[in-house]
Every structure is written in C-alpha cells, then in structure tokens.
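S.K.: below are the sequence and a predicted model; questions follow.
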Amino acid sequence: MPDGLSFELAALAEPLACALHGIEACALRPRSDVAVYGAGPIGLLFAGALSSAGHRVTVADPNPSRLHAARRLGAAEAVRIERGGGHTATSHAVDPKGFDAAIDATGVPEVWLDAIRSVRPGGTVNLFGGCAPGTTIPLDTALVHYSELTLKGVYHHRPADVKRAIEMLAARSFDAGILLSAEMPLEKVEDALRSMMRKEALKVVIRA
C-alpha cells in the first residue's frame, strides 16, 4: 500500500480491479458513450473509472440514492428504471443510434438483453454481471449479426489490474470513498451484510 492510502479505501482495490479489467476488455475509443446497467458497488466503480478516463457515462438503476452516487462519481446521465429488465437507456445517449458500449453490472438475464439492445451498430456489450448457473437468454440473431455487435463475457481481474487499482485509489482519480456509506463495529457484521442486501448501504466499513 502506498503511504497515505487508508485501509478502508485500499479494501476497494479488488472490486475496482474487476471494473478496470472489464473496461480494458471493451477496447474503448477516447470519449466513448458508455451505458452501465446497475449502480451497485461494481457498477459505480465502472462509472467512476470510466468518467475519470474521459468517457461519457449513462448509469441505469432503480435506486435513486445510487443514481445520485453515480452522478457524484461523474456519470453524465443517471436513469431510473424498474427492476427486472425490459428497459434500455438508449434515448438518453448523445448518439440516437445507441451507445458505443454497454456494460451489465447486474447479473440479471433480462438486463443482459437490455444492454445488447442499447448499443449502436458495431458496438460492444460487456456482460460482466454473472447470472445464476443454468440461466439462458433468447438472442436476437439478426441484431447481433447485421449490426456487427461484439458480445463479451468478462470476469474477475489480473495482478496488473490490482496494481493499477491501488494506484488510482491512492491518487484519488475519483472519489471512491462515496461507496463507503456506513461504518459499524465487528459485532454488527450481520447487520452490515443485511443492510447491503436491502440496498440501504453500498459498502460498510467494519472496525474491530
């Protein structure tokens, strides 16, 4: 850990490394229009890292407080959608033809389909959110084929991603501390986990 990097921020290195690996897999051009579906911790880290790199980010999520966090992390648009999929944020893109890339950070099959529908011809879809084992989706073969879409399954991180994540957190490339929404003592770990499950907290700092 670099000098001056707090333990609570350093703990975000692993999820941020995952987001950085996902961003690299998208092979984005400078100042790309990117949709991020899901404003949980991973989706917000995608939004912060993408925005700090100069991309225009639209975040879609049902939770208003998480959309507020997305804006604080640099998202140009924060779009409230209903749970369960069946929505796209395409109309909020600068380019009416759709986004250059879309990233799913939900692991909801219906949202995978939303992400696929929301990119422009030649666009890239990063299916980062892992769905339940045995899950399938119906694929619009004509859309994928004739629009020349690139669909990628991306997972986890590499050592180089972790190193870069630590450097970004130490440099305060974006305000990752926004994700540290609560602090609890060790004996309240269960309460912390339940708070995150209820989507009341993003990340809870546990102090012994």
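M.R.: Arrived safely.
S.K.: grab the CA positions of the lengthiest strand in the chain and hand them over as PDB.
M.R.: For the chain, the longest strand by residue count, based on DSSP state E, is strand 119-127. Extracted in PDB, the C-alpha atoms of strand 119-127 (Å, rounded to 0.1, in the frame of the first residue of the first chain):
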ATOM      1  CA  VAL A 119     -25.600  -0.300 -28.400                       C
ATOM      2  CA  ARG A 120     -25.100   1.200 -31.800                       C
ATOM      3  CA  PRO A 121     -24.200  -0.900 -34.900                       C
ATOM      4  CA  GLY A 122     -20.600  -2.000 -34.300                       C
ATOM      5  CA  GLY A 123     -21.000  -1.600 -30.600                       C
ATOM      6  CA  THR A 124     -19.600  -3.700 -27.800                       C
ATOM      7  CA  VAL A 125     -21.600  -5.400 -25.000                       C
ATOM      8  CA  ASN A 126     -19.700  -6.300 -21.800                       C
ATOM      9  CA  LEU A 127     -21.700  -9.000 -19.900                       C
END
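S.K.: list the neighbouring strands of it plus their orientation.
M.R.: strand 99-104 (parallel), strand 150-153 (parallel) (DSSP bridges).
S.K.: any chance of those in a markdown table, plus distance to Gly129, mean neighbour count and mean pLDDT?
M.R.: In short, each C-beta sits where N, CA and C put it, glycine included. Converted to a markdown table, those look like this (distance: least, Cβ to Cβ, whole Å; neighbours: other Cβ atoms under 10 Å; pLDDT from 0 to 100):
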| stretch | distance to Gly129 | mean neighbour count | mean pLDDT |
| --- | --- | --- | --- |
| strand 99-104 | 5 | 29 | 97 |
| strand 150-153 | 10 | 14 | 98 |
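S.K.: what about the helices in this structure?
M.R.: 7-10, 13-26, 41-52, 64-72, 109-117, 141-146, 159-171, 189-197 (DSSP state H).
S.K.: show me how far the longest one is from its chain's centre.
M.R.: What it means is helix 13-26. Helix 13-26 sits 9 Å away from the centroid of its parent chain (Cα atoms, centre = their mean, to the nearest Å).
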